[in-house]
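[1] Turn this into a model:
(one chain, ligands or ions: 1)
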Amino acid sequence: MLPEAVLARAAAEMLDYEGSGQSVMEMSHRSGSYQAIIDGCAALLREVMGIPDSYEVLFLQGGASTQFAMVPLNLAVKSGAADFVITGQWAKKAYAEAGKLLGEGARAVASSADRTFSYIPALNREGFNPDADYFHICLNNTIYGTKFPILPDTGSVPLVADVSSCILSEPIDVSRFGMLYAGAQKNMGPAGLTVVIIRKDLIGDPRLGTPTMLSYKTHAENGSMYNTPPCYAIYICKLVLEWLRDEIGGLEKMKALNERKAGILYNFLDSSALFKGTVEKGSRSLMNIPFVTGNEELDAKFVKEAAAAGFINLKGHRSVGGMRASIYNAMPLEGVEKLADFMRAFETAN
Ligand SMILES: *Cc1c(COP(=O)(O)O)cnc(C)c1O
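    Below is the predicted model:
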């Protein structure tokens with residue numbers, strides 16, 4: 001979802017952006033009007049997230065999935081080794097992609113595959129490779145609905161996190177990370193934009209043979225304009241950040257609202273005789289809440305009746321089954337309240 005206020009503003013500016021006589025979609029990315037938009041978006045992201053000056057903000061394309069390859073290409077340049085925590089499909093893909101490049105150098109230090117990724121495994125620094133070029137986690141596991149309750153202590157090894165499904169949902173201490181990356185389409189704007197926040201000292205020459213477009217250095221040296229950036233997606237992201245700062249009041253406020261929203265569903269699930277959350281309590285996500293009835297036919301009936309009542313996209317990922325409520329930033333409190341009411345009524349009727 002996108003905030004309705006953002007869509008309304010984009011609609012109002014569609015035909016004539018600030019008197020320029022054109023839509024942002026039609027602008028040259030080399031124009032002064034557009035430069036102000038991309039600079040404004042980067043400045044707002046820095047302000048809203050509290051990103052230190054020692055970090056670069058890059059606006060790229062190719063989705064979080066392309067970062068699974070770009071991270072090892074650019075960061076695995078000393079020992080050629082990297083550690084991974086396997087907490088779900090996306091973490092697994094990041095690990096597999098790095099393995100193509102690094103072979104045995106890519107190593108899984110922990111996994112929660114034994115119980116369908118329903119928890120975040122305990123981590124012990126003793127088991128980490130102190131010579132690794134980076135340590136990779138997926139901070140919020142979209143499909144399974146888990147979130148790291150605490151960050152692993154990786155010492156001097158840069159911590160790299162896929163934050164596609166939790167960026168901007170609550171404050172993040174950026175200084176704890178070497179790099180953060182996110183496909184924008186869950187919490188920042190439309191698909192087509194990928195945001196990378198990377199410590200400047202980690203931007204250097206990539207591995208030999210790395211294509212120009214896959215080098216962070218290329219994009220950092222060219223202000224994310226080595227080639228045409230995803231102009232319209234960046235513009236919408238800027239509007240979303242303005243909404244977050246001015247309407248919501250920043251990330252502390254966003255977190256409080258997200259905790260209220262998630263709390264409504266978790267409290268209901270914990271007290272329900274029919275529905276059950278699938279995630280261990282200490283690992284629960286604020287953004288993605290999977291649940292089941294324990295009966296596949298009843299799950300299917302619920303998804304069907306929910307869709308007919310206007311609650312769409314509630315079917316769980318095929319690897320978990322059941323249902324999943326994704327309640328990203330733009331989902332209003334009332335949306336969550338209505339879902340809980342609908343679940344309560346379904347429970348009574350079934
Ligand atoms: C959605 C998602 C992805 C995939 O993002 P793309 O931009 O489609 O490549 C990767 N990681 C996480 C955590 C996601 O939620």
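[2] Please work out how many residues are found near the nearest residue to Lys301 once chain neighbours are set aside.
    Of all residues not flanking Lys301 in the chain, Asn350 sits nearest, at 7.6 Å (CB to CB, 6 or more residues apart in numbering). Placement of C-beta: from N, CA and C, glycine included. Per other CB atoms under 10 Å, the neighbour tally for Asn350 reads 12.
[3] My guess is Asn350 contacts Ala273. True?
    No - contact between Asn350 and Ala273 fails when scored by CB atoms under 8 Å: they sit 10.5 Å apart.
[4] Name the helix or strand for the residue nearest to Arg176 when sequence neighbours are not counted, please.
    Nearest residue to Arg176, sequence neighbours excluded (CB to CB, 6+ apart): Leu151, at 5.6 Å. Here Leu151 sits in a region with no helix or strand, counting by DSSP states H and E.
[5] for Leu151, what are its contacts?
    137, 159, 176 (CB atoms under 8 Å, 6 or more residues apart in numbering).
[6] any idea how far the last one is from Lys186?
    Counting by CB to CB, to the nearest Å, the gap from Arg176 to Lys186 is 21 Å.
[7] ok, the two, which is more surrounded?
    A direct count of neighbours by other CB under 10 Å for Arg176 and Lys186 places Lys186 higher, at 25 against 13.
[8] was I right about the more buried one contacting Leu168?
    No - checked against CB under 8 Å, the pair Lys186 and Leu168 is beyond contact range at 9.3 Å.
[9] beta partners of the residue of the stretch 101-250 of the chain found nearest the ligand?
    Closest residue of the stretch 101-250 of the chain to the ligand, CB to the nearest ligand atom: Gly183 (2.5 Å). Counting by DSSP bridges, Gly183 forms beta bridges with Thr194.
[10] Which other helices and strands does the longest helix anywhere in the chain contact?
    Using DSSP state H, we find that the single longest helix of the chain is helix 251-271. Applying 3 or more CB pairs under 8 Å, 6 or more residues apart in numbering; DSSP states H and E, we find helix 251-271 packed against strand 276-277, strand 288-292, helix 333-349.
[11] average model confidence for that helix?
    For helix 251-271, the mean pLDDT works out to 98.
[12] next one: it to chain centre, how far?
    In terms of CA atoms, centre = their mean, to the nearest Å, the centre of helix 251-271 is set 18 Å apart from its chain centre.
[13] now swap in stretch 286-296 and tell me
    Stretch 286-296 has its C-alpha centroid displaced from the chain centroid by 20 Å (CA atoms, centre = their mean).
[14] Go ahead and name everything in contact with it.
    So stretch 286-296 is in contact with 140-145, 147, 165-166, 169-170, 186-187, 255, 258-259, 261-262, 265-266, 269, 274-279, 299, 302, 316-317, 320-328, going by CB under 8 Å, 6+ apart.
[15] What are the buried residues along stretch 322-335?
    The neighbour-count criterion (16 or more other CB atoms under 10 Å) identifies 322-331 as the buried residues of stretch 322-335.
[16] tell me, which of those make contact with the ligand?
    Among the buried residues of stretch 322-335, no residue sits close to the ligand (CB under 6 Å from any ligand atom).
[17] As TSV, the residues you listed with pLDDT, secondary structure and distance to Thr194 would be great.
    Converted to TSV, the buried residues of stretch 322-335 look like this (pLDDT from 0 to 100; DSSP: H, G, I helix; E, B strand; the rest coil; distance: CB to CB, whole Å):
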residue	pLDDT	secondary structure	distance to Thr194
Gly322	95	coil	30
Met323	98	strand	28
Arg324	97	strand	23
Ala325	97	strand	25
Ser326	97	strand	19
Ile327	97	coil	23
Tyr328	98	coil	17
Asn329	98	coil	18
Ala330	97	coil	19
Met331	97	coil	22
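[18] Just name the closest of the residues you listed to Ile51, please.
    Of all the buried residues of stretch 322-335, the one with the least separation from Ile51 (CB to CB) is Asn329, at 18.0 Å.
[19] That closest one and Ser169 touch, don't they?
    Yes - using CB under 8 Å, Asn329 is in contact with Ser169, at 6.0 Å.
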